[in-house]
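K.L.:
quick one, fold the following:
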Amino acid sequence: MNLPSVELLLVLGVIGFYLQDSAMLLYYDEIVVVQQRGRWFGSVGSTAQTGGRYLYVPNPFRPDAALFRSSWLRAGDAGTPEHWDGLAHFVAALRGFRAHCLLLSCLLFLGLPLLLWGFPHPLAMLALAAGIYLTTLLIGWRLWRYRKVLELQGRQALSLAFELLCCPPHAVNVVRRLCARRGLRGDAVDAAYRLLAPDQRRPLALRVGERLALAMDFHGDQARLLAARQRWDTLR
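P.N.:
So this is what the prediction gives:
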C-alpha cells in the first residue's frame, strides 16, 4: 500500500486546520445567523447529532461573512439587551478584512497546491511563504489599528494576532473568530426577529420547533421551554 506523498499531506493538513477551526458543534438551543450578500440567514446545524450536538460548517468559500451563534435559553439569562446599532458598526468594521481573508485563502488553498505539484522551486515556495505571512501580518495590524471598534483590548488584539501568525490557516477565519469573541447579546429569538427577513424567520422557527418538541419529550413541559416555544411561534 502506497502512503500519501508529503505534498498531499501538507495540503490536506492546511485545509483540515481551516475546516476544523471554522466548524461548530451547536447545542439544541442554539442557532447560527450569518450575513451573506447583505442579507442575514439562520441555521440550526445538521439534522444528525454528533456527541449530543449538531454540526454546523460555514460556507468555506466565504470566510469573510459575519457569523454569530446564539442561544434561546441561556443567552437571555444575563438580561443584557443587544445594542443593534453597535452590532451594525461592528459588522461594518469586519468588512475591512474581506480582501485579506480572500487573498490568504487563495495563497493557501490555490497557490500552495499549484506550486507543490507544478513548480516546486525553492524561490517560488519562499515567495509564497512570504506572501502568506505578510498577509497574516496585515491582518494582525488591522486587528491592532481597529481594536476599539472590534471591541478588543490591546492585550487581546496582540494575543489574537500572534495566534493567527503561528497558524495562518486559522487567520483565514479571523472574521469568525472576532464574531465568536464578541457574540450576540440578548437571545436567539430577538436576534432572529431583528436580523432575519420574514421569509427566513419561518423556516428557522419550524426547525427550532422540532428541537423544542424533542427537548420537551426528554425534559417535560418546563416553563422555560414553553415560554421559548411561545416566542418562536410568533415568528412563524
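
K.L.:
longest helix in this structure, by number of residues?
P.N.:
Ranked by number of residues, the top helix in the chain under DSSP state H is helix 122-145.

K.L.:
can I get the CA coordinates of it in CSV?
P.N.:
Taking Å, rounded to 0.1, in the frame of the first residue of the first chain, the C-alpha atoms of helix 122-145 are listed here in CSV:
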residue,chain,number,x,y,z
PRO,A,122,12.6,26.9,-3.6
LEU,A,123,12.5,30.6,-4.5
ALA,A,124,8.8,30.2,-5.6
MET,A,125,8.0,28.5,-2.3
LEU,A,126,9.9,31.2,-0.4
ALA,A,127,7.9,33.9,-2.2
LEU,A,128,4.6,32.1,-1.4
ALA,A,129,5.6,31.8,2.3
ALA,A,130,6.5,35.5,2.4
GLY,A,131,3.1,36.4,0.8
ILE,A,132,1.2,34.2,3.4
TYR,A,133,3.0,35.7,6.4
LEU,A,134,2.8,39.2,5.0
THR,A,135,-0.9,38.9,4.6
THR,A,136,-1.3,37.5,8.1
LEU,A,137,0.8,40.4,9.5
LEU,A,138,-1.6,42.8,7.7
ILE,A,139,-4.5,41.1,9.4
GLY,A,140,-2.7,41.5,12.8
TRP,A,141,-2.0,45.1,12.1
ARG,A,142,-5.7,45.7,11.3
LEU,A,143,-6.7,44.0,14.5
TRP,A,144,-4.5,46.4,16.4
ARG,A,145,-5.5,49.5,14.5
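
K.L.:
tell me which helix or strand comes right after it.
P.N.:
Using DSSP states H and E, the helix or strand that directly follows helix 122-145 along the chain is helix 154-166.

K.L.:
elements contacting that next one?
P.N.:
In terms of contact count using 3 or more C-beta pairs under 8 Å, 6 or more residues apart in numbering; DSSP states H and E, helix 154-166 is assigned the packing partners helix 122-145, helix 168-171, helix 174-182. Quick note: C-beta positions are derived from backbone N, CA and C, even for glycine.

K.L.:
and the gap between the residue nearest the centre of the chain and Ala213?
P.N.:
Among the residues of the chain, the one closest to the centroid is Arg176, at 3.6 Å (C-alpha atoms, centre = their mean). Counting by C-beta to C-beta, to the nearest Å, the gap between Arg176 and Ala213 amounts to 30 Å.

K.L.:
is it true that Val209 touches Arg229?
P.N.:
Not quite, residue 209 is Gly, not Val. Yes - Gly209 is in contact with Arg229 according to C-beta atoms under 8 Å; the separation is 6.9 Å.

K.L.:
mutual contacts of these two, please.
P.N.:
Counting by C-beta atoms under 8 Å, 6 or more residues apart in numbering, Gly209 and Arg229 have no shared contacts at all.

K.L.:
state the pLDDT value of Pro4.
P.N.:
As summarised for this prediction, Pro4 has a pLDDT of 59.

K.L.:
pull out the buried residues from stretch 88-103.
P.N.:
Phe90, Val91, Ala93, Leu94, Phe97, His100, Cys101, Leu102, Leu103 (16 or more other C-beta atoms under 10 Å).

K.L.:
equivalent analysis for stretch 98-117, please.
P.N.:
Judged by neighbour count (16+ other C-beta under 10 Å), stretch 98-117 contains these buried residues: 100-105, 107-109, 111-113, 115-116.

K.L.:
same check on stretch 135-151?
P.N.:
Taking 16+ other C-beta under 10 Å as the neighbour-count basis, stretch 135-151 is seen to contain the buried residues Thr135, Thr136, Leu138, Ile139, Gly140, Arg142, Leu143, Arg147, Leu150.
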